[in-house]
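Trainee: Predicted model follows, preceded by the sequence.
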Amino acid sequence: MKLKFDPDNPKYVHIDTLKKADEALEKLEKEPVIGVDIEGTGLDPYTAKLLLVQIGNEEVSYIFNAQQLDLKAIPRLKALLEDPKKIKILHNAKFDYKFIKVQVGASMNNLYDTMLAGAVLTAGLTGKNPSLKELTMKYCGFDMDKGVRKSFHNHMGRITEDQLKYSALDTLAMFPIFKEQVKRLKKEKLVRVAKLEFASTRVVAEMELRGIIINIPEWKKVIKNLEKKRDQYAAQFQEAIQPYYNRRTKDLFGNDVDVMNMNSQAQLMDLFNKRLGLDIPSTSAGVLENVDHPIVNILSDYRKYEKLISAFGDSLLEQVNPVTGRLHPDFNQMGTATGRFSCRNPNLQQIPRNSEEAPFRELFNPAPGYKLVTADYSSFEMRILADLSGDEKMITALREGKDLHSYTASLMFNVDYYPKSEFKKKNPGLRQIAKPIGFGLMYGMSAQGLAAQLGVSPEKGEEYMELYFKSYPSVRKFLDGLSDNAVKKGWSMTPMGRKRWYKKPSPSDPDYRRRMSSIRRQAKNHPIQGTNADAIKFAFVFIQKYFDSGEFDGGITHTVHDEIVCEVREDQAEDWAKIQSDEMIKAAELFIKKVPVASDPFVGDIWEH
DNA sequence: AGAGGTGGTG
DNA sequence: CATGCACCACCTCT
């Protein structure tokens, strides 16, 4: 592609006076498309300082110096960034959106994100979002020096010419990338998916800015209690294994010394298989629970507590933001091959369900005067399977509000249907066979896998599977069609057109069959899991409208795949709960038309799920 | 620094 | 033949 700028000598204007700002804005206001990027001293919009805001067209970058100018006091700048008629191209727009919202006071809209577009165009192939450097190499054909970026992080004093050049290049390079990506998005019929991602990203940014409160003192108490328990089991363990080691158990000062490291898989294997005479393939929980030995039991107890402490203890508390006092996790809206969100620092999508000893979710609370509203789709993926497969019996059962797993069991074993608890009473065990099949199938599980999970013979597993498919013949056809199609075309697709690509192995690959099987399973799961993700993202966009309009005081705090949590002013919370689940249902009904969609809201002072 | 094992979530 | 999807955090070990 022929570039409209010189990568070695990009055109830029350093805006450090109000007069220059006016001149730049005069030019930029005429552009239908602008590139936007920022430089700051760090990654957190609340603690890092905004240094530069670069806004450009395809030939020149206007670099607003946020240290020398009070950008909040330039109304024309805010108006430019908030002009809904102007397309703003950014790379990882969420990041810049947050800085500009907090430190310029502008809420950007009509975003085009080169990172998300790249992710949508290569879903399943790379495992990560493309960097601007990679896209620049791919579409502009030159190598971008990212070494200068670090120089902003301990920035002192004046901006150097090198820094300005580097900053200018970012907005300039995005134009050719944008043009080329748009062509490809059209070719792959991914425009609608890309638009959904672009519309979602400012919602995600708003969600991250809001963050969520946790009750720190109570959290610490819970951890302390868990530590006490863990230490008791650790002491028991060290005591119990002493006879198997020739080692001093006291140090020079008479303190107890651990005989071994209980967290070391290698040392545990040595203990179990060499010293205790067991014969176990691994020390995972699934293996240990089938071993009847007091030392093994102690380890299992210890592990339960150690896990909670290490994953959800101090390290999580350290991530509370010093400015807001809240957690602001980093959500990656293209963090998975299927279109689902991933989340980190901390990952709120893996906080344990509430339990007696570790009621972590109860310690996620609204601000005073607010409520948390939690709503999740009920058995959404089963409904998606029913709808997409078009299986008449499954659809009818869901329309009639039947408990699907009981109904499935009644078909499989030719017994009468009753609602869940009654069915369980009359036919003990049957529902517990049907339920794992339903879930397992959505993961492409085989008869052998099912047998292993149910703890029955492979023959029995085969028999159950056949009974299931005889009950729902369209489900088998649908799932097999998905995997055949993926193998033939090299990709799978959700009803809205979100694609996931597969890298087919060479037939000479020693793992050829294993890899092909894996692709077949992934292709069965992708349209189901991906449709859930598509619906959640539409729901995000629908829901955010109510908060943007000012009609409701609050915002989204987080999402866990089929669940959205909002923090809403107390007096509005009950009305909001209805709107939140209605909007989630509306979003899902864009794709799911044959079976009813349900979303159950909960209003309270805790994160309830 | 990265891989492997383990285990938390939907 | 080998056979359940999608993640992230923490730990040990090399």
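Mentor: Good, I have the coordinates. Numbers count the residues shown, from 1 in each chain, chains lettered A, B, ... in the order given.

Trainee: where does the stretch 301-450 of chain A come near DNA strand C, residue by residue?
Mentor: Residues of the stretch 301-450 of chain A lying close to DNA strand C (C-beta under 7 Å from any atom of the strand) are A:310-311, A:315-316, A:332, A:335-338, A:340, A:342-347, A:349-350, A:436, A:439-440, A:443-446, A:448-449. Placement of C-beta: from N, CA and C, glycine included.

Trainee: In PyMOL, how would I select just the buried ones from those?
Mentor: In PyMOL syntax, the buried subset of those is picked out as below (16 or more other C-beta atoms under 10 Å):
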select buried, chain A and resi 316+332+335+336+337+338+340+343+346+349+436+440+444+445+446+449
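
Trainee: Show only the entries of the residues of the stretch 301-450 of chain A next to DNA strand C found in helices.
Mentor: In this view, these that belong to helices under DSSP state H are A:S310, A:A311, A:S315, A:L316, A:P436, A:F439, A:G440, A:Q448, A:G449.

Trainee: how about those residues in a markdown table, adding pLDDT and distance to A:S200?
Mentor: Below are those laid out as a markdown table (pLDDT from 0 to 100; distance: C-beta to C-beta, whole Å):
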| residue | pLDDT | distance to A:S200 |
| --- | --- | --- |
| A:S310 | 95 | 32 |
| A:A311 | 95 | 28 |
| A:S315 | 91 | 29 |
| A:L316 | 95 | 26 |
| A:P436 | 92 | 33 |
| A:F439 | 90 | 27 |
| A:G440 | 92 | 30 |
| A:Q448 | 91 | 39 |
| A:G449 | 91 | 34 |
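
Trainee: For DNA strand C, what is the nearest residue in the stretch 501-609 of chain A?
Mentor: Distances between the stretch 501-609 of chain A and DNA strand C by C-beta to the nearest atom of the strand are smallest at A:R513, namely 3.4 Å.

Trainee: And for that residue, the neighbour number?
Mentor: Neighbours of A:R513 under the rule other C-beta atoms under 10 Å: 11.

Trainee: Do you know the pLDDT at A:L278?
Mentor: Note for A:L278: predicted pLDDT of 93.

Trainee: Just the buried positions in the helix or strand encompassing the residue of the stretch 501-609 of chain A closest to DNA strand C, please.
Mentor: A:R513 is part of helix A:512-548, with elements assigned from DSSP states H and E. Judged by neighbour count (16+ other C-beta under 10 Å), helix A:512-548 contains these buried residues: A:515-516, A:519-544, A:546-547.

Trainee: from those residues, which are also near DNA strand C?
Mentor: Checking those against DNA strand C (C-beta under 7 Å from any atom of the strand), the matches are A:R521, A:Q522, A:N525, A:Q529.

Trainee: Spit out the contact partners of the second one.
Mentor: Going back to what we said before, that points to A:Q522. By C-beta atoms under 8 Å, 6 or more residues apart in numbering, A:Q522 lies in contact with A:G124, A:A337, A:G444, A:A486, A:S492, A:R500, A:Y502.

Trainee: Got the confidence number for A:K250?
Mentor: Here, the pLDDT recorded for A:K250 equals 69.

Trainee: For the most centrally placed residue in chain A, list the residues it contacts.
Mentor: In chain A, the centroid-proximal residue (C-alpha atoms, centre = their mean) is A:S342; its distance is 1.7 Å. Contacts for A:S342 were tallied using C-beta under 8 Å, 6+ apart; they are A:F331, A:N332, A:G335, A:T336, A:Q349.

Trainee: one more time with 7 Å, if that's ok
Mentor: A:N332, A:G335, A:T336 (C-beta atoms under 7 Å, 6 or more residues apart in numbering).

Trainee: could I get the residues you listed as a markdown table with pLDDT and distance to DNA strand B?
Mentor: Formatted as a markdown table, the contacts of A:S342 follow (pLDDT from 0 to 100; distance: C-beta to the nearest atom of the strand, whole Å):
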| residue | pLDDT | distance to DNA strand B |
| --- | --- | --- |
| A:N332 | 96 | 14 |
| A:G335 | 95 | 12 |
| A:T336 | 96 | 9 |
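
Trainee: between these, which is closest to DNA strand C?
Mentor: A:T336 (3.5 Å).

Trainee: For the closest one, give me phi and psi.
Mentor: The phi and psi values for A:T336, taken as degrees, to the nearest 10, are phi -130, psi 160.

Trainee: Check A:N273 too.
Mentor: phi -90, psi -30.

Trainee: Ramachandran coordinates for A:D37?
Mentor: Taking degrees, to the nearest 10 as the convention, A:D37 sits at phi -160, psi 160.
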